[in-house]
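**Student:** my questions are about this predicted structure, shown below with the sequence.
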Amino acid sequence: MHKLILKPGREKSLKRRHPWIFSGGIDRVEGDPQAGDAVVVCAADGAALAVAAYSPQSQIRARVWDWTVHDIDAAFIAQRITRAAASRSALPAGVTDGLRLVHGESDGLPGIVADRYDDTVVVQLLSTGAERWRDVVADALAGLSGVVRVIERSDADVRALEGLQARSGLLRGAVANGPLMVTEHGLKFSVDAEHGHKTGFYLDQRDNRLALRKLARGKTVLDCFCYSGGFALNALAGGAAAVTAIDSSGPALETARINAALNQLSGAEWLEADVFKTLRAFRDAGRTFDLIVLDPPKLAPTAAHAEKAARAYKDINLLGFKLLNPGGMLMSYSCSGGISPDLFQKIVAGAALDAGVDARIEGWLHGAADHPVALNFPEGEYLKGLLLRVGV
Ligand code: SAH
């Protein structure tokens, strides 16, 4: 097999079982591996540490498939897919028919994400290793009980970092007759798997949307970055007095309106606008709310963007605090891998200070259980949220 030989001392993170090998840690390549090929990763003294997928164009030069060295074949990849899918079977019935079946590195499948919406799986192949095994992944997903089609959405920006073109379309099975649907905690959502964000829906916020529903009775609610209406519709379902929802994407709001109608939940005010500008306008107009959700897009995809992103997070949180009625609550998220939970709390604390409010943490919020975080891969904990209450 081809080999990657590390520089002296650069085997430390691998020994802690972190699955990424950065280009700067590599001394030399032995053999002639092509993009996506399996390589044995060796310490400077020659000790074999792992087998990984080679990605010659990426800063993340290799991603670990396994910690024991063996050939990576179709049976190995298929077994990992079925293992990941089987580990989701414990989710209680009636909660949802939308589940993340494969969550990348945390499932031992670097660069592979697969979300199931009822009988359809939407897959993203985001690394050269994932791309190399595209057909095997597609067959394994199509072979899962109850799955009739697999759709590919390998059009995320990170593909470019791996030297891969964007690609999407039907991978297995026949085109669906109607729109994709998911039923989550009793609410129906139409999922735009073709053009929507990620795989079409943000399954990771499932538990947190329900948490909001339980807080919303009688409240005036503002859902910032509402996408297809996940939080806003849960607020209405929970008996909110009024709901305003903002997103800059027209198609997302169109889906949100469809979703409102699907659930016979009327009364939300849907605003197609920039959140940063709209919060300022609300502040200037003296508009206030009892409960505000801030769920912005990934403002810091990597740690390198953290500083600029920190300013943006502080900005919206500061405005959020200013728009809260006394005793009101802020549900504030970051889904940026480059912002640690610790840093996020500091940013939000700074925002409260500048807004001149006393706030306390009533809870930390996380991605749902079908988005597990491997202990050896802290980057997997990209979604973190704070539930805060301001003083009266
Ligand atoms: N809360 C949603 C997911 C939010 S994803 C859910 O539970 O499903 C982030 C959303 O922010 C996307 O829909 C995107 O269109 C929107 N967005 C990005 N930048 C924005 C901006 N400056 N103003 C308003 N919306 C924005």
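**Tutor:** Nice, I can see it.

**Student:** how about the residue in the stretch 51-200 of the chain that the ligand sits nearest to: what's its closest non-neighbour residue?
**Tutor:** At 5.9 Å from the ligand, His197 is the closest residue in the stretch 51-200 of the chain, using CB to the nearest ligand atom. For glycine as for every other residue, the C-beta is placed from the backbone atoms N, C-alpha and C. Spatial nearest neighbour of His197, excluding adjacent residues (CB to CB, 6 or more residues apart in numbering): Tyr227 at 6.7 Å.

**Student:** can you classify the one you found by secondary structure?
**Tutor:** coil (DSSP: H, G, I helix; E, B strand; the rest coil).

**Student:** what residues does it make contact with?
**Tutor:** The neighbours of Tyr227, taking CB atoms under 8 Å, 6 or more residues apart in numbering as the test, are 197, 202, 247, 249, 252, 255-256, 295.

**Student:** what bridges to the closest residue to Trp67 other than its chain neighbours?
**Tutor:** With CB to CB, 6+ apart as the measure, Ala50 is the residue that lies nearest to Trp67, at 5.3 Å, once sequence neighbours are left out. Bridge pairing for Ala50 (DSSP bridges) gives the partners Val41.

**Student:** do you know how far Ala50 is from Gly108?
**Tutor:** To Gly108, Ala50 is 12 Å away according to CB to CB, to the nearest Å.

**Student:** before we move on, back to that, from Asp295, how far off is the residue nearest to His197?
**Tutor:** Separation of Tyr227 from Asp295 (CB to CB) stands at 8 Å.

**Student:** please apply the same query to Ala160.
**Tutor:** Applying CB to CB, the value for Ala160 to Asp295 is 25 Å.

**Student:** what's the answer for Arg132, then?
**Tutor:** As for Arg132, its distance to Asp295 is 34 Å (criterion: CB to CB).

**Student:** quick check: residues of the stretch 101-250 of the chain near the ligand?
**Tutor:** Within the stretch 101-250 of the chain, the positions adjacent to the ligand are 197, 202, 205, 225-228, 230-231, 246-249 by CB under 6 Å from any ligand atom.

**Student:** farthest pair in these?
**Tutor:** Of all pairs drawn from those, the one with the largest separation by CB to CB is Gln205 and Ser248; the distance is 18.3 Å.

**Student:** between those two, which one's more packed in?
**Tutor:** It is Gln205, of Gln205 and Ser248, that has more neighbours when counted by other CB atoms under 10 Å, with 26 against 16.

**Student:** surely the more buried one touches Ser228?
**Tutor:** No - taking contacts as CB atoms under 8 Å, Gln205 lies outside contact range of Ser228: 11.2 Å.

**Student:** pretty sure Glu184 contacts Arg209?
**Tutor:** Yes - taking contacts as CB under 8 Å, Glu184 lies within contact range of Arg209: 7.3 Å.

**Student:** just the pLDDT at the nearest residue to Ala352 once chain neighbours are set aside, thanks.
**Tutor:** For Ala352, ignoring the flanking residues on the chain, the nearest one in space by CB to CB, 6+ apart is Ala359 at 4.4 Å. The predicted local confidence for Ala359 comes out at a pLDDT of 98.

**Student:** ok, back up a step: so which of the contacts of Tyr227 are in helices?
**Tutor:** 252, 255-256 (DSSP state H).

**Student:** nearest to Gly337, of those residues?
**Tutor:** With CB to CB as the yardstick, the closest approach to Gly337 among the ones in helices among the contacts of Tyr227 comes from Ala252, at 22.3 Å.

**Student:** what ranges in this protein fall below the confidence cut-off?
**Tutor:** Low-confidence regions of the chain, defined here as pLDDT under 70, cover residues 92.

**Student:** out of all of them, which strand in it is the longest?
**Tutor:** Among the elements of type strand in the chain, defined by DSSP state E, the one spanning the most residues is strand 324-334.

**Student:** rewinding a little: from the ones in helices among the contacts of Tyr227, which are also near the ligand?
**Tutor:** Within the set of these, contact with the ligand (CB under 6 Å from any ligand atom) is found for Ala252.

**Student:** how about the ones in helices among the contacts of Tyr227 in CSV, adding neighbour count?
**Tutor:** Conversion of the ones in helices among the contacts of Tyr227 to CSV gives the following (neighbours: other CB atoms under 10 Å):
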residue, neighbour count
Ala252, 20
Thr255, 24
Ala256, 25
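
**Student:** before we move on, could you check phi and psi at Leu279?
**Tutor:** Backbone dihedrals for Leu279, given as degrees, to the nearest 10, come out at phi -60, psi -40.

**Student:** so how far is Ala312 from it?
**Tutor:** Taking CB to CB as the measure, Leu279 falls 12 Å from Ala312.

**Student:** also Asp73?
**Tutor:** 45 Å.

**Student:** pretty sure Ala70 is in a helix, no?
**Tutor:** Quick fix: residue 70 is His, not Ala. No - counting by three-state DSSP, His70 is located in no helix; its state is coil.

**Student:** show me the contacts for it.
**Tutor:** Contact criterion CB under 8 Å, 6+ apart gives 51, 76 as the residues in contact with His70.

**Student:** repeat that for Gly129.
**Tutor:** Counting by CB under 8 Å, 6+ apart, Gly129 makes contact with 36, 52-55, 63, 65, 110-111.

**Student:** for it, helix, strand, or coil?
**Tutor:** Put simply, Gly129 is helix when judged by three-state DSSP.

**Student:** please name the nearest non-neighbouring residue to it.
**Tutor:** Taking CB to CB, 6+ apart, and ignoring the residues beside it in sequence, Gly129 has Ala53 as its nearest neighbour in space, at 2.5 Å.

**Student:** the one you found and Ser127 touch, don't they?
**Tutor:** Yes - contact status for Ala53 versus Ser127: in contact at 6.6 Å, counting by CB under 8 Å.

**Student:** who touches both of the two?
**Tutor:** Overlap between the neighbourhoods of Ala53 and Ser127 consists of 63, 110-111, taking contacts as CB under 8 Å, 6+ apart.

**Student:** out of these, who's nearest Ile21?
**Tutor:** Proximity of the shared contacts of Ala53 and Ser127 to Ile21 (CB to CB) peaks at Arg63, which lies at 7.5 Å.
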